[in-house]
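Chemist: Task: produce atomic coordinates for the following.
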Amino acid sequence: MRFPVIVCIMILFVCTLTCEAGLASFQLLGSGPCSDGWLTVTAVSGDGSTLVGTTGGNCDKPFLWTATGGVEIVGTWLGDASGEASDVSWDGTVVVGNAFEPDGFFYWNSISGKRVISGYMWAPVSVSADGLVVVGSIHNQHYGDEPFRWTKQTGVQRLGYPPNGGSNGAGLAISADGSVVAGAVYPRWENDTVAFRWTAANGVQLITEEPSTVVDISNDGSVIIGTIDGRTVYRWTAETGMVEIGSGRAQAASADGYVIVGEKSDAPVIWDERYGMRNIQSLLTQEYGVDLDGWNLSDVVDISDDGLTLVGNCERESWEHSGWIATLPAPPSLTELVIVGPNHVPERTSQSFHAVARYDDGSEADVSESATWSIQPEGIAQLGPHGRLTIDHLDESVEMTLLVTYNEGANTYDAQKIVTGVPVYTVYHIDGSNGHDYNSGLTPATAFKTIQKGIDTCEDGDTVWVHPGVYQEQIRYGGKAITVESADDAAVLENPTGFAAFFYDGEGRSSVLKNFVIRNCSTGIFVSRSSPTLRNLTLVHNERGIECFNGDPNVTHCILALNDELDIFGCTPVYSWIQSDPNSVWGNATHPGFVDLNQGDYHLQSQAGHWDPDMQVWVADAATSACIDVGDITGPIGLEPFPNGGVINLGAYGGTCRASKSYFDKPVCNTIYAGDINGDGQIDDKDLDIVMLQWTGEPLPE
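Modeler: Down below sits the predicted model:
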């Protein structure tokens, strides 16, 4: 199964230590049968029951060890000649290794006993799990050593070299049924060995071009483990190619090829997908509480098929040496793979998602970096290899399915998560006095100068926020579903030679113009084949206010007054003050109560106060406009200041923080004051009681 390394260590004496802690066990093999001998471990059986190796001292013999039977010499037929065991079958019944005098390899099983295969053959050799097939290297008089495969029935089968030639190769590992051989060979013109895989159908095929060797192969022959250039551990499959696991040197692997043992910085280590690389001595002593009684693990040479039994050699400062065997507790089983992350991701952002493996002991592990990610449908967003989702632009909310696949050992786990991509609406600032159209428009300090620049920059759902000032331009939405509105106090739009606003590109209700004073235009707003929303506008002193042809604008909460030819044509406003409409409550009135027509102040008069933009204060008037608190009673009042009557005002300032305040000569129930929770016109302990009841979650009194 594997490529063993024979470690010969001189000792003075051997002692035995056995301990169990934290469900992990550790045992020393003790001394060998010779008076000055020791035991050097080279391999463990697939079931973890049997160790093999070589005795030291004055009787170098292959041995077999079990917990119940102790040490048994399997090379008694060698007489005074020496030998060394290199591998053992899955159940421990077959041992193979090298014999000297005559040179060859030996094949021993518990039933038939010894068998020496003569001929110059060089260790190591490896045996299949069923004990029927042996691989190694055999001398080739032209090309040095050559990989071979042996069975009782066929004898030695030379495997040859890569198609382009080679030399000095060896079979180093074999699949459970003996049908696949892995090894290393010197390709032609190369100075280092390169890993190969052999099958009867394909012969010797190099699995890489990098300097490399092989230490093990999975039971089914699909996974090969080894070391690149003596410094990096790799795992190879036909699907993935050679994948680097980490720095160090591999020594052996579990049956599925996903638990690997070896060394790094001369210390024995173990790699697996969940925990990465761990120092075995630290694992035993610190995590499982094993007392090694001063023994230092010098190496790890093999691992059982289930990845739980480890074997190797150790030493103490007193020059004592021994083989060792340790059994780790079975790791928790992965029960569920889930994707953790937000359910909604705004466009123009990146969000990290995590693949989390959940185990039957209640623990979790983030496996995002080793999982494979994908997204459906493709093209909406980009999903990075570690679960980072990036959305550039969306026209509307879109559902996406994140998919992740994670392999732990030979098992594959899948998970998915539905995520909604949400459009993000950007606000662009316009400042006619301090802005510049070369700016970004994203903050007041980097505002655009013109409204049209903001519109041109927008995408559907965005807002153009126009700071106070007079803007002499004609704006056109170009079919965009955006909102253009005043920020703070209402801005003024005027265009003496044309339209202030032009809707001609199929705009719908999501194209909104609100909170502007529109004046001094030939036509304030022109609409054709479109249905925009025109809300809280004051159109005064134009030739024509609003003209509509073959369109259906939603005109609401507007004031149209003092326009020379007509206030409105081709559409019907609601909740609006139309001076020229004889059916209006305010029909034929001079104006709806503006503060100062001569100075162009179109705030509404209020005895409770209107906002004076020059003085930056609230000023009380002698009268109150009839356009205060007469909007849609079911709609929001926006940012209108207290006190207000709970109903939005008409005109450019309605719904804003600069809306004129509501005035009442006595408290009424629909008047809202800051702190008047129950709306009775008084701020008292009754309001405090409601706040406290809501705070504690108790029901409100009847």
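
Chemist: Could you check how many residues crowd around the residue nearest to Ser352 when sequence neighbours are not counted?
Modeler: Leaving aside its chain neighbours, Ser352 sits nearest to Arg388 (5.2 Å; criterion: Cβ to Cβ, 6 or more residues apart in numbering). Every residue, glycine included, has its C-beta placed from N, CA and C. Neighbourhood size, Arg388 [other Cβ atoms under 10 Å]: 15.

Chemist: give me every residue that touches Arg388.
Modeler: Each residue near Arg388 by Cβ atoms under 8 Å, 6 or more residues apart in numbering is listed here: Ser350, Gln351, Ser352, Phe353.

Chemist: For Ser433, see how far away the last one is.
Modeler: I take that to be Phe353. Phe353 is 46 Å from Ser433, where distance means Cβ to Cβ, to the nearest Å.

Chemist: Identify the residue nearest Ser531 in space, chain neighbours excluded?
Modeler: Asp552 (4.2 Å).

Chemist: Phi, psi for Gln452 please.
Modeler: phi -60, psi -30 (degrees, to the nearest 10).

Chemist: I figured it hits Tyr477, correct?
Modeler: No: counting by Cβ atoms under 8 Å, Gln452 stays clear of Tyr477, with 9.8 Å between them.

Chemist: Neighbour count: the two, which is higher?
Modeler: Set Gln452 next to Tyr477 and count neighbours by other Cβ under 10 Å: Tyr477 wins out with 24 against 20.

Chemist: Any stretches of the stretch 551-700 of the chain with poor pLDDT?
Modeler: 582-590, 665-684, 686-687, 689-700 (pLDDT under 70).

Chemist: what pairs with Thr420 across the strands?
Modeler: His344, Glu399 (DSSP bridges).

Chemist: I'd like to know how many residues surround it.
Modeler: When neighbours are counted by other Cβ under 10 Å, Thr420 registers 13.

Chemist: Would you confirm that it contacts Val398?
Modeler: Yes: between Thr420 and Val398 there is a contact under Cβ under 8 Å: 7.1 Å.

Chemist: tell me the pLDDT at the nearest residue to His436 once chain neighbours are set aside?
Modeler: Leaving aside its chain neighbours, His436 sits nearest to Lys449 (5.3 Å; criterion: Cβ to Cβ, 6+ apart). pLDDT, Lys449: 96.

Chemist: which residues touch Ile380?
Modeler: Counting by Cβ under 8 Å, 6+ apart, the residues that Ile380 touches are Ile391, Leu394, Val398, Met400, Gly421.

Chemist: That one belongs to a helix?
Modeler: No: counting by DSSP: H, G, I helix; E, B strand; the rest coil, Ile380 falls outside a helix, being coil.

Chemist: Count the residues that sit near Ile111.
Modeler: Neighbour tally, Ile111, other Cβ under 10 Å: 7.

Chemist: what residues are up against the closest residue to it other than its chain neighbours?
Modeler: Take Ile111 and drop its neighbours on the chain: the residue closest to it by Cβ to Cβ, 6+ apart is Thr93, 7.3 Å away. By Cβ under 8 Å, 6+ apart, the contact set of Thr93 is Asn109, Ser110, Ile111, Gly131.

Chemist: What distance do you get for Thr93 to Ala99?
Modeler: Taking Cβ to Cβ, one finds Thr93 at 19 Å from Ala99.

Chemist: okay, and for the stretch 251-400 of the chain, where does confidence drop off?
Modeler: Looking at the stretch 251-400 of the chain by pLDDT under 70, you get 318.

Chemist: The stretch 201-350 of the chain: helices as residue ranges?
Modeler: For the stretch 201-350 of the chain, the helices defined by DSSP state H, counting those that start in this stretch cover 280-282.

Chemist: should've said the stretch 551-700 of the chain
Modeler: Going by DSSP H, counting those that start in this stretch, the stretch 551-700 of the chain shows helices at 685-696.

Chemist: ok, which stretches of the stretch 51-200 of the chain are strands?
Modeler: In the stretch 51-200 of the chain, strands defined by DSSP state E, counting those that start in this stretch lie at 62-66, 70-73, 83-88, 94-99, 104-109, 116-118, 121-127, 133-140, 144-151, 155-158, 166-174, 181-187, 194-199, listed in chain order.

Chemist: so how many other residues sit close to Gly421?
Modeler: 21.

Chemist: For it, give me its contacts.
Modeler: Counting by Cβ under 8 Å, 6+ apart, Gly421 has contacts His344, Val345, Pro346, Glu347, Ile380, Ala381, Ile391, Leu394, Ser397, Val398, Glu399, Met400.

Chemist: residues in contact with the fourth one?
Modeler: By that I understand Glu347. Here Glu347 is in contact with Ile391, Asp392, His393, Leu394, Gly421, Val422, Pro423, Val424 (Cβ under 8 Å, 6+ apart).

Chemist: quick one on the thing from earlier: return the per-residue confidence for the residue nearest to Ile111.
Modeler: Reported pLDDT for Thr93: 92.

Chemist: Where does Lys453 fall, secondary structure wise?
Modeler: helix 451-457 (DSSP states H and E).

Chemist: what's the answer for Glu396, then?
Modeler: Of the helices and strands defined by DSSP H and E, none includes Glu396.

Chemist: Pick the one among the contacts of Gly421 closest to Thr533.
Modeler: Comparing those against Thr533 with Cβ to Cβ places Ser397 closest, at 20.9 Å.
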